[in-house]
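1. Sequence isn't available, so here's the structure alone:
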């Protein structure tokens, strides 16, 4: 699924965030310590190799809503932007913290002259954020931030399951 907002291509794909060969940056749904974990963080760290964790160590810990940038190491991407999403029901206010993840990642990409970025569905796995609500927060935030972007030409959302892909596709169309 593809659309355009303010001249920026917005894409929705079903697949693996660690296999986005045509993206300059991917976003890691990180843990506070920026270490290998389960889900997205595990997939990205395993694909990137040990150097990613080593580079990230001095940047940790990060707080919910924060974003930091590292190299891509063994990934096909030049950069990884790490965001700590909120744990649903624990980190408050969840919607503002989740919005900050998307906003801060995009602004960090913009600062680093990144032209394409791929996001997972932040906080919707082990952190328990309901996919529909998380998607609504993300799409609203993207629409607010996109008019301020000058370097980014493509924003992709990479969803692992068909159900998540369907929810995102509907929200973006």
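-> Good, I have the coordinates. Bear in mind the structure is a predicted one, so any value in this text is a computation, not a measurement. Numbering: from 1, shown residues only.
2. what's the single longest helix in the chain?
-> Criterion DSSP state H: the longest helix present in the chain is helix 94-111.
3. Check which helices and strands that one sits against.
-> Secondary-structure packing of helix 94-111 (3 or more C-beta pairs under 8 Å, 6 or more residues apart in numbering; DSSP states H and E): strand 67-71, strand 79-83, strand 116-119, helix 131-145. No exception for glycine: its C-beta is placed from N, CA and C like everyone else's.
4. Now tabulate these in CSV and tack on mean neighbour count.
-> Output for these, formatted as CSV (neighbours: other C-beta atoms under 10 Å):
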stretch, mean neighbour count
strand 67-71, 18
strand 79-83, 25
strand 116-119, 24
helix 131-145, 18
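5. Looking at these, which is nearest to residue 36?
-> With C-beta to C-beta as the measure, strand 79-83 is the member of these nearest residue 36 (12.0 Å).
6. distance between the closest one and the chain's centre?
-> Offset of strand 79-83 from its chain centre (C-alpha atoms, centre = their mean, to the nearest Å): 7 Å.
7. cool, stretch 21-36 as well?
-> Offset of stretch 21-36 from its chain centre (C-alpha atoms, centre = their mean): 7 Å.
8. now swap in stretch 136-153 and tell me
-> Chain-centre distance of stretch 136-153: 13 Å, with C-alpha atoms, centre = their mean.
9. One more: stretch 92-101?
-> 13 Å.
10. got it, and stretch 28-39?
-> Centroid displacement of stretch 28-39 relative to its chain, using C-alpha atoms, centre = their mean, is 12 Å.
11. got it, and stretch 127-142?
-> Remark: stretch 127-142 is offset 12 Å from the chain centroid, using C-alpha atoms, centre = their mean.
12. Stretch 105-116 now?
-> 12 Å.
13. What residues sit buried inside that stretch?
-> Within stretch 105-116, the residues that qualify as buried are 105, 106, 107, 108, 109, 110, 114, 116, counting by 16 or more other C-beta atoms under 10 Å.
14. Then stretch 155-173?
-> 155-160, 164-165, 167-169, 171-172.
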